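In: heads up, no residue letters with this:
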């Protein structure tokens, strides 16, 4: 830990001096104490975030709940969360001093200004929420020590990073969405990587674990984290620099230093994965010496990178937004210039890259192909059409979230509606047809040591009570329809326009709600309950009707939805806002019904095939038994007929 702290502090001081962030400001300088204390507090906050999240992630995937190493991991996470809470509070307070340069006092005015900063300004609200969530994680990590509560605590800890990401870049960049998503991914990846490594050191010293298995599992997590950190770092740097010439600015030089450090850490990670892990089953002495040399070297490099990252957050990037007095209405609302007219060629050439979904699609494709290859290597077959459906679904997801629909969805309601229909209906239909859960359960190795890997967590998710509820056909259909109406006829649609978090929530929600609905109808992945085919068709018809009514309701609107947004873009091309809204309703009514029709056809085909399979099983059973069941049934009918005849004769004789 001392090596990490010293190396981080050295890199921070050097980068602050080199980048100019430590120099006094011409106007509104907060003083030497604030200028130096703020980046130090932010660096401590970043490192403590890793110490909070990394141990819990490693515990969930590499340790057994109820044993001493798992307890140690949660103790470490609780300490990290406590440090995260204190450093977040300090960073928020120092940010207030740096931004407003008030005179420190115990007076009423200073307290009122600080209260307004924390409760009304987005920057203050972000640090207040971060501090509160850090305190919650501190308590939960100390109190909860079993699987499910630890998973919930980890999710809360990851949520605590969201406010940091929204306020984590210096300056106002035109690529705001890319910057925020890149910082979030970069922070999460670094936290898993660095925090897991620190726990690895603690557990290795304790000697109470299978070191070889632990290092191997950590190495798998570190590879994924390295990939996320590298890709997000490249994208974030590209946005911040803007051009190759800016690479030689102080901001660019610090980025180059971070890239060199990242490459060094990647090489060390590759070395101990390829050379050290196989030797750890041998004599402990030699392997232990190499382990400490490599791990301490990686810790030192991570400390340098953490210090450089904290300094980079205080260093102004070479690019920025247009001056406020020259901004167009579209730039004021969206932080991006108004795109050119949406012509036919823009359907193929327009792009607005979202690293979050591009990276999610890339990882989804990689792991799916890896699972298929593993099945083939052991002689099992996987239907090629499922692979095709999965890849097409991911490609369509990238096109919707990174292509022309994402470029124009903020300016045209009809394009926004088109993206919504594809996210909630077309993409889930393709992804469900890929049967990813079945592939994962067949390809991921089962663990026998009481820990939980990918296969065990997937089984837990499929069999959990929550899954039984949300995958029930009626619940899934209800979520699908109710969320559609609730989103557009409440302020949720406004939230998705104004807030980046709202936009990402919209994508996630409609993907999941559509996926659950399609899965309950035509999926082959395991779910607790499915309706008979007749019930599925009736449910689908009801959903189609509600969907059509929704489209008609949009078309019949006499006022403009989110008028201060769609009516204030200053567009000189395309339909008027009201005409565009009417087109959007038509899209929901017509285009949105196409995937539903495909679903209905698929259910009918599956029903027909199921009847055919039942008939074939009946025929095969008849062949094996010589129609014994039919003969037995006929004999019962004959016996009943004979009994009826005897009863009739007896009644006639009685008369």
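Out: Noted; the coordinates are in hand. Remember, predicted model here, so these are calculated numbers, not experimental data.
In: quick check: mean pLDDT of stretch 159-177?
Out: Averaged across stretch 159-177, pLDDT comes to 67.
In: next one: stretch 378-397
Out: Rounded mean pLDDT across stretch 378-397 is 94.
In: pull the distance from it to the chain's centre.
Out: Here the centre of stretch 378-397 is set off from its chain's centre by 21 Å, with CA atoms, centre = their mean, to the nearest Å.
In: quick one: contacts of that stretch?
Out: Applying CB atoms under 8 Å, 6 or more residues apart in numbering, the contact partners of stretch 378-397 are 357, 360-361, 364-365, 368-369, 371-372, 375-376, 422-423, 426-431, 433-436, 439, 442, 511. Any C-beta I mention is one placed from the backbone N, CA and C, and that applies to glycine too.
In: just the buried ones from the residues you listed?
Out: Using 16 or more other CB atoms under 10 Å as the burial test, the contacts of stretch 378-397 include 357, 360-361, 364-365, 368, 371-372, 422-423, 426-431, 433-436, 439, 442, 511 as buried.
In: in helices, which of these appear?
Out: Using DSSP state H, the members of the buried ones among the contacts of stretch 378-397 that fall in helices are 357, 360-361, 364-365, 368, 371-372, 427-431, 433, 436, 439, 442, 511.
In: just after the helix or strand where residue 239 lies, pick out the following helix or strand.
Out: Element membership of residue 239 [criterion: DSSP states H and E] is helix 211-241. The helix or strand immediately downstream of helix 211-241 is helix 250-271, counting by DSSP H and E.
In: packing partners of that following helix?
Out: Counting contacts by 3 or more CB pairs under 8 Å, 6 or more residues apart in numbering; DSSP states H and E, helix 250-271 is packed against helix 2-19, helix 211-241, helix 284-314.
In: could I get those as CSV with distance to residue 36, mean pLDDT and mean neighbour count?
Out: Shown next, in CSV, are those (distance: least, CB to CB, whole Å; pLDDT from 0 to 100; neighbours: other CB atoms under 10 Å):
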stretch, distance to residue 36, mean pLDDT, mean neighbour count
helix 2-19, 8, 81, 19
helix 211-241, 23, 82, 20
helix 284-314, 10, 74, 20
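In: list the contacts of the closest residue to residue 405 other than its chain neighbours.
Out: In this structure, residue 405 finds its nearest non-sequential neighbour in residue 419, 4.2 Å apart by CB to CB, 6 or more residues apart in numbering. Applying CB under 8 Å, 6+ apart, we find residue 419 in contact with 400, 405-406, 409.
In: ok, back up a step: between the helices and strands packed on helix 250-271, which one is closest to residue 607.
Out: For those, proximity to residue 607 was assessed by CB to CB; helix 211-241 is nearest, at 41.0 Å.
In: which helices and strands sit right next to that closest one?
Out: Applying 3+ CB pairs under 8 Å, 6+ apart, one finds that helix 211-241 contacts helix 32-62, helix 176-206, helix 250-271, helix 277-279, helix 355-377.
In: going by mean pLDDT, which of those comes out lowest?
Out: helix 277-279 (a mean of 63).
In: tilt between the strand or helix carrying residue 95 and helix 32-62?
Out: Taking DSSP H and E as the definition, one finds residue 95 inside helix 68-100. Here the directions of helix 68-100 and helix 32-62 differ by 150 degrees (axes from the mean of the first three to the mean of the last three CA atoms, to 10 degrees).
In: now residue 479. Nearest residue, chain neighbours left out?
Out: Using CB to CB, 6+ apart and skipping the chain neighbours, the partner closest in space to residue 479 is residue 513 (5.0 Å).
In: thought residue 480 was touching that neighbour, still the case?
Out: Yes. Applying CB atoms under 8 Å, one finds residue 513 in contact with residue 480, separated by 5.1 Å.
In: what touches both of those two?
Out: What both residue 513 and residue 480 touch, as defined by CB under 8 Å, 6+ apart, is the set residue 424.
In: any idea how the protein splits into domains?
Out: 2-319, 347-567+576-614, 615-654 (automatic domain parsing).
In: please name whichever of these is nearest to residue 336.
Out: Set against residue 336 and scored by CB to CB, these come closest in domain 2-319, at 6.1 Å.
In: residues in contact with the nearest residue to residue 359 once chain neighbours are set aside?
Out: Among residues not flanking residue 359 along the chain, residue 231 sits closest, at 6.0 Å (CB to CB, 6+ apart). Residue 231 makes contact with 185, 355, 359 under the criterion CB under 8 Å, 6+ apart.
In: how close does residue 231 sit to residue 352?
Out: 18 Å (CB to CB, to the nearest Å).
In: pretty sure residue 223 sits against residue 269.
Out: Yes. Look at residue 223 against residue 269 with CB under 8 Å: they come within range, at 7.2 Å.
In: that older thread, of the contacts of residue 231, which is the most crowded?
Out: residue 355 (25 neighbours; other CB atoms under 10 Å).
In: and that one, how far from residue 366?
Out: Here the distance between residue 355 and residue 366 works out to 16 Å (CB to CB).
In: can you check residue 166 too?
Out: Per CB to CB, residue 166 is found 28 Å from residue 366.
In: now residue 374
Out: From residue 374 to residue 366 the distance is 13 Å (CB to CB).
In: please apply the same query to residue 422.
Out: The gap separating residue 422 from residue 366 is 23 Å, by CB to CB.
In: equivalent analysis for residue 457, please.
Out: Look at residue 457 and residue 366: by CB to CB, they are 18 Å apart.
In: ok, so of the contacts of residue 419, who is nearest residue 330?
Out: residue 409 (13.1 Å).
In: can you tell me which residues contact the closest one?
Out: For residue 409, the contacting residues are 415-416, 419, by CB under 8 Å, 6+ apart.
In: look up the closest residue to it, ignoring the ones flanking it.
Out: In space, and not counting its chain neighbours, residue 409 is closest to residue 416: 4.2 Å by CB to CB, 6+ apart.
In: what's the answer for residue 350, then?
Out: residue 404 (3.6 Å).
In: list the contacts for the one you found?
Out: When contacts are counted by CB under 8 Å, 6+ apart, residue 404 is found next to 342, 346-352, 415.
In: apply 7 Å and report the result again.
Out: Residue 404 makes contact with 346-347, 350 under the criterion CB atoms under 7 Å, 6 or more residues apart in numbering.
In: buried among those? Make that a ChimeraX selection.
Out: For the buried members of the contacts of residue 404, the matching ChimeraX selection, counting by 16+ other CB under 10 Å, is:
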select :346,350
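In: picking up where we left off before, next, the buried residues of the helix holding residue 95.
Out: 69-70, 72-74, 76-98.
In: check stretch 19-32 too.
Out: With burial defined by 16+ other CB under 10 Å, the residues of stretch 19-32 counted as buried are 19, 21-22, 30.
In: now do the same end-to-end measure for that stretch.
Out: In stretch 19-32, first residue to last residue: 16 Å (CA to CA, to the nearest Å).
In: quick one: it to chain centroid distance?
Out: Stretch 19-32 has its C-alpha centroid displaced from the chain centroid by 38 Å (CA atoms, centre = their mean).
In: one more: stretch 234-254?
Out: Its chain's average C-alpha position is 27 Å from that of stretch 234-254, according to CA atoms, centre = their mean.
In: what lies in contact with it?
Out: Outside stretch 234-254, the residues that reach it (CB under 7 Å, 6+ apart) are 15, 18-20, 173, 175, 178-179, 182-183, 186, 255, 308, 311-312, 315, 317-319, 355.
In: next, the distance between the ends of it.
Out: End-to-end distance of stretch 234-254 (CA to CA): 13 Å.
In: related to what we said a few turns ago, more neighbours, residue 457 and residue 366?
Out: The residue with more neighbours, out of residue 457 and residue 366, is residue 457; 16 against 12, by other CB under 10 Å.
In: helix/strand/coil for the more buried one?
Out: Put simply, residue 457 is helix when judged by DSSP: H, G, I helix; E, B strand; the rest coil.
In: where's it relative to residue 53, distance?
Out: Residue 457 is 17 Å from residue 53, where distance means CB to CB.
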